[in-house]
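# Starting from these lines, generate the structure:
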Amino acid sequence: MSPAVQAPVSTAQHHPALIGLTIGAIGVVFGDIGTSPLYAFRDALGQSAADGIDPSEILGVLSLALWTLTLIVTCKYVFFLMRADNHGEGGVLALAALARRALGMRSRIALVLGAAGAALFYGDAIITPSLSVLSAMEGLQTIPSAAKLFDEGTIRALTIGILIALFLIQKRGTAMVAKLFGPVCILWFVTIGALGIWHIADELSIFRVLIPSYGIRFLATHGTTGLFVLGAVFLTVTGAEALTADMGHFGKRPIRIAWLFLVFPALTLNYLGQGAFALSHLEAAAAAGTPFVNQNWFFLMAPESFRGPLIVLAGFATVIASQAVITGAFSLTQQAVQLGLLPRMKLRQTSADFAGQIYIPAINWLLLVGVLVLIVQFKTSSAMAAAYGIAVTGTMVVTTLLGYLVARHVWHWKRVWALTAVLPFLCLDLVFFGANILRVVEGGWVPLAIAAAIGLLIYTWVRGKGIVRAFEARQSIPLADLAAALAKRPPERVPGTAVFLTANPRSAPGALLHNLKHNKVLHERNLVVSIRTTDRPVVDEEHRSTVERLDDNFEIVVLNYGFMESPDVPADLGVGGKTEMRSLDAMKTSFFIGRNTLKPEADVGMPLWQDRIFMFMQRNASDPTDFLKIPPGKVLELGEQVTV
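Numbering: from 1, shown residues only. Sure, this is the predicted structure:
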């Protein structure tokens with residue numbers, strides 16, 4: 001039943017559902033941004049510590065952190081970008097698909113922005129597990145009795161062990177433990193908020209940082225150092241993209257409620273508590289005549305007897321944050337494959353009840369390798385933090401630009417109003433992006449290198465597939481002309497049904513032409529089937545297929561899938577009588593797929609090195625029979641040589 005015709009939901013029914021979705025959103029959407037207090041304030045303050053730290057610097061850094069949370073997360077994401085959904089779904093590729101639909105023939109810019117955002121996200125997906133879990137484990141060094149046992153090497157080994165275990169369980173799915181994510185994260189936010197309240201009492205005047213002049217004055221008086229601090233301050237909003245990316249799972253209202261009534265207050269209180277705690281330590285150091293040292297303020301806020309349980313809770317919270325990013329990488333990859341940006345990949349459903357719970361082995365193991373390399377290379381969370389901001393700010397710039405395209409061409413705002421709404425956010429994003437670019441040498445090159453590599457793969461795949469399609473178009477003939485010719489001179493007929501898969505149902509599929517040329521037969525029933533990915537996340541069964549009978553020999557079938565769905569061609573063609581189409585006998589149905597052999601050529605198409613990358617991707621793509629859920633024993637592959 002569509003939302004438009006659903007019966008009204010009673011208040012008694014509505015509230016439990018809303019509460020459940022809100023709890024779920026707290027566990028999935030806010031894990032990343034919720035664990036940023038572990039390192040964000042410490043690292044931002046550390047950027048200004050070269051010539052010592054004075055009270056104005058603590059206040060300035062704290063003011064910048066709180067206003068960054070307010071402007072970017074609350075104003076930009078919660079109140080603006082969450083309005084830009086694609087039939088309930090959000091995220092960079094969902095926005096790109098929405099913008100492409102509105103722009104029509106001018107959709108290349110939306111495609112490029114979507115690909116860039118996706119490429120940057122993979123850098124984020126590698127850094128988040130490394131940084132967050134390592135930050136939690138470093139809390140062990142704040143326990144005097146454990147500090148000698150847990151040196152940097154031991155902490156790295158412990159972090160690596162936790163993350164290897166996390167990636168190993170991905171193939172089993174997370175449905176069994178996902179229901180614990182919400183309660184654990186609620187406990188986390190209540191705990192960090194309580195710690196903040198406790199230490200706000202150390203310096204009640206800390207609330208003055210809510211006046212933005214403290215942050216503005218800090219930037220005005222610290223020159224280049226202020227920009228480095230600004231880059232580190234951005235760590236407070238890592239994970240904000242999840243607010244839009246997970247809209248399809250929980251809806252806008254639960255996410256907004258969770259942010260405004262729990263997550264934002266808890267983060268604000270914790271940062272205020274860290275600032276007050278740091279100020280009290282600074283005053284104590286000045287009174288004692290000892291130097292003030294930047295420390296791990298988050299864990300030191302807790303009494304020594306409580307730090308052990310707090311570290312365990314932080315470990316669970318960071319694992320949940322890592323899980324959310326890994327799951328996001330799987331979902332993004334599925335969308336990229338469906339939109340034609342990446343080759344088919346082996347995909348496994350890990351839950352019979354929830355279609356969104358998937359596992360992609362290739363992405364899982366590549367992420368694990370990247371995570372382990374980062375931990376070994378950077379060694380500490382402080383060193384790794386420099387690599388984080390560029391990936392996040394780059395993705396945010398892309399999202400803001402896509403938000404403008406949606407406002408201008410989907411909501412049909414006048415240009416002046418669209419620019420008025422978007423330009424302040426874009427300027428803010430660009431300032432933060434510029435501040436993080438300054439940290440390229442410190443480690444910011446890592447996400448840029450990852451994004452460049454992913455971007456090259458996406459560009460190579462899209463261009464290579466375009467060359468292959470152009471070749472097939474040159475070789476093809478209209479299906480209507482072939483049908484007319486066969487009606488005049490019918491070949492020998494064989495019993496059963498032949499399903500010919502093609503990208504263009506109006507042209508005779510290459511596999512059909514090869515079958516006629518070499519086998520000189522035509523089946524009793526012939527379906528020319530095209531798979532199309534729409535700009536919607538999910539297509540309902542009513543609009544799944546369209547059927548056109550060309551003549552007595554051929555029927556043209558178009559199967560429509562959303563960019564978040566996995567095709568099931570046999571089921572949707574009616575094998576076994578599932579659909580309204582005339583049912584197909586599974587034992588008498590054969591599937592014909594065109595499979596061309598690629599030949600590299602330096603003087604044709606792409607450069608030779610790019611040819612080899614495309615051929616490697618083509619060879620390692622998931623078998624179409626797996627991707628389309630076609631029984632392997634029912635497939636015949638026919639094709640020819642194509643020069644790329």
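# What ranges in this protein fall below the confidence cut-off?
Low-confidence segments of the chain (pLDDT under 70): 1-14, 50, 105-106, 174-177, 351-356, 575-583, 639-644.
# report the longest strand in it, please.
What stands out as the longest strand in the chain, according to DSSP state E, is strand 521-533.
# Just give me how far that strand sits from the chain centre.
How far strand 521-533 lies from its chain's middle: 35 Å, per CA atoms, centre = their mean, to the nearest Å.
# got the buried residues for it?
522-523, 525-531, 533 (16 or more other CB atoms under 10 Å). In this view, the C-beta of every residue, glycine as well, is placed from N, C-alpha and C.
# Would you agree residue 391 is in contact with residue 127?
Yes. Distance between residue 391 and residue 127: 6.3 Å, which falls inside the contact criterion (CB atoms under 8 Å).
# Mind listing the shared neighbours of the two?
residue 447 (CB atoms under 8 Å, 6 or more residues apart in numbering).
# sorry, back to before: which one of the buried residues of strand 521-533 is nearest residue 440?
residue 533 (36.1 Å; CB to CB).
# Excluding covalently adjacent residues, which one is nearest to the closest one?
Closest residue to residue 533 apart from its sequence neighbours, by CB to CB, 6 or more residues apart in numbering: residue 338 at 4.6 Å.
# How about the contacts made by the one you found?
533, 561-565.
# One more pass at 10 Å, please.
Shown in contact with residue 338 (CB atoms under 10 Å, 6 or more residues apart in numbering): 93, 97, 344, 531, 533-534, 537, 561-567.
# follow-up on the earlier one: of the buried residues of strand 521-533, closest to residue 456?
residue 533 (22.7 Å).
# Just list whatever residues bridge to that closest one.
residue 561 (DSSP bridges).
# you'd agree it is up against residue 565?
Yes. Counting by CB atoms under 10 Å, residue 565 is a contact partner of residue 533 at 8.5 Å.
# got any residues that touch both of those two?
With CB under 10 Å, 6+ apart as the test, residue 533 and residue 565 both reach 335, 338, 539.
# Mark which of those residues are part of helices, please.
335, 338 (DSSP state H).
# so what's residue 538 up against?
87-89, 248, 355, 561-565.
# where's it relative to residue 561, distance?
Using CB to CB, to the nearest Å, residue 538 is found at 9 Å from residue 561.
# do the same with residue 380
45 Å.
# So for those two, which residue has more residues nearby?
Ranked by neighbour count (other CB atoms under 10 Å), residue 380 and residue 561 place residue 561 first, with 20 against 15.
# all strands for the protein, in order.
Under DSSP E, the chain gives strands at 348-349, 358-359, 492-501, 521-533, 545-549, 554-561, 589-594, 597-599, 635-638, 641-643.
# Could I get the full set of helices for the stretch 401-550 of the chain?
Along the stretch 401-550 of the chain, the segments classed as helices by DSSP state H, counting those that start in this stretch run 415-437, 445-475, 479-488, 510-514.
# now do the stretch 1-150 of the chain
11-28, 31-34, 40-46, 55-68, 92-103, 108-137, 144-147.
# now swap in the stretch 151-300 of the chain and tell me
Under DSSP H, counting those that start in this stretch, the stretch 151-300 of the chain gives helices at 152-168, 175-200, 213-233, 242-245, 247-250, 252-258, 264-288, 297-300.
# can you put those in CSV and add mean neighbour count?
Output for the helices of the stretch 151-300 of the chain, formatted as CSV (neighbours: other CB atoms under 10 Å):
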stretch, mean neighbour count
helix 152-168, 16
helix 175-200, 19
helix 213-233, 19
helix 242-245, 25
helix 247-250, 21
helix 252-258, 20
helix 264-288, 20
helix 297-300, 24
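# quick one, which of these is nearest to residue 557?
Judging the helices of the stretch 151-300 of the chain by CB to CB, what sits closest to residue 557 is helix 247-250, at 27.9 Å.
# And for that closest one, what's in contact with it?
Contacts of helix 247-250 (CB under 10 Å, 6+ apart): 20-26, 28-29, 81-82, 84-91, 94, 243, 254-255, 258, 327, 331, 354, 356, 537-538, 564.
# starting at the chain centroid, how far to that helix?
13 Å.
# Alpha carbons of stretch 113-123, in CSV - could you do that?
Provided in CSV are the C-alpha atoms of stretch 113-123 (Å, rounded to 0.1, in the frame of the first residue of the first chain):
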residue,chain,number,x,y,z
LEU,A,113,29.8,15.5,-8.6
GLY,A,114,28.3,12.2,-7.5
ALA,A,115,31.3,10.2,-8.6
ALA,A,116,33.6,12.7,-6.7
GLY,A,117,31.6,12.4,-3.5
ALA,A,118,31.6,8.6,-3.7
ALA,A,119,35.4,8.6,-4.2
LEU,A,120,35.9,10.8,-1.2
PHE,A,121,33.6,8.7,0.9
TYR,A,122,35.8,5.6,0.6
GLY,A,123,38.7,7.6,2.1
